[in-house]
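Peer 1: below is the structure, and that's it, no one-letter string:
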């Protein structure tokens with residue numbers, strides 16, 4: 001019975017760990033020392049992502065404060081706009097390297113919305129996932145969720161604009177989360193049942 005208790009506790013802890021995000025600063029709320037965040041209702045561009053905790057970028061990472069253009073951040077006080085400078089011809093790329101479990105399934109979730117109804121796509125890449133997203137939903141945030149297989153113990157999550165150099169508007173992205181796919185709840189329930197059965201048998205034997 002003690003072994004079953006240990007197994008159940010271990011699975012419970014593993015489930016909690018699996019739900020913790022592997023991404024640092026997934027809502028773009030944290031800045032490195034000496035870096036000023038955008039003023040309330042404003043925005044700022046950070047070349048190569050300098051000063052934004054956890055993130056780097058090709059071209060600038062543009063961070064909008066909640067309320068700018070009437071857009072309330074999906075989580076916290078800030079969100080990014082992917083693609084925002086037609087003078088820079090290379091696609092905008094926002095990325096983060098993180099540690100993960102090799103050859104394990106992981107879940108990626110994030111929220112996005114289009115700034116306007118014009119054309120525009122973006123891609124998201126991580127592990128064996130390479131997805132191009134064409135979303136023109138304006139006025140509300142949409143949740144995107146994907147499952148991917150980690151191909152190494154260190155991975156790079158990247159969001160890449162698909163409209164380099166042809167307009168100044170793109171997609172807003174916020175609340176990015178990656179976690180390991182947890183142990184199926186059925187296994188936990190099964191072990192819990194075995195634990196209860198073992199306790200019942202022990203009680204019955206003692207009573208006899």
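Peer 2: Sure, I can see it. Just so we're clear, the structure is a prediction, and the values are computed from it rather than from any experiment.
Peer 1: where along this structure do the helices fall?
Peer 2: All helices of the chain, identified by DSSP state H, fall at 2-19, 185-207.
Peer 1: which of the ones you listed has the lowest average pLDDT?
Peer 2: Across the helices of the chain, helix 2-19 has the smallest mean pLDDT, namely a mean of 48.
Peer 1: tell me where the model's unsure across this structure.
Peer 2: Along the chain, segments meeting pLDDT under 70 span 1-18, 84-88, 119, 163-168, 183-208.
Peer 1: can you give me the strands for it?
Peer 2: 43-47, 56-58, 60-65, 78-82, 93-99, 105-114, 122-126, 129-133, 142-149, 154-161, 171-180 (DSSP state E).
Peer 1: these: which one's closest to residue 27?
Peer 2: For residue 27, the closest of the strands of the chain is strand 171-180, at 5.2 Å, according to CB to CB. The way it works is simple: take the backbone N, C-alpha and C, and place the C-beta from them, glycine included.
Peer 1: by contact count, what packs against that closest one?
Peer 2: helix 2-19, strand 78-82, strand 105-114, strand 154-161 (3 or more CB pairs under 8 Å, 6 or more residues apart in numbering; DSSP states H and E).
Peer 1: hmm, try it at 6 Å
Peer 2: helix 2-19, strand 78-82, strand 105-114 (3 or more CB pairs under 6 Å, 6 or more residues apart in numbering; DSSP states H and E).
Peer 1: what residues does that strand touch?
Peer 2: With CB atoms under 6 Å, 6 or more residues apart in numbering as the test, strand 171-180 has contacts from 18-19, 21-23, 26-27, 73-75, 79-82, 101, 104, 106-114, 122.
Peer 1: from those, which would you call buried?
Peer 2: 18, 22-23, 26-27, 73-75, 79-82, 106-108, 110-114, 122 (16 or more other CB atoms under 10 Å).
Peer 1: quick one on the thing from earlier: need the strands of the chain in a markdown table (columns: distance to residue 33).
Peer 2: Compiled in a markdown table, the strands of the chain are given as follows (distance: least, CB to CB, whole Å):
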| stretch | distance to residue 33 |
| --- | --- |
| strand 43-47 | 14 |
| strand 56-58 | 17 |
| strand 60-65 | 17 |
| strand 78-82 | 17 |
| strand 93-99 | 19 |
| strand 105-114 | 27 |
| strand 122-126 | 28 |
| strand 129-133 | 33 |
| strand 142-149 | 32 |
| strand 154-161 | 24 |
| strand 171-180 | 23 |
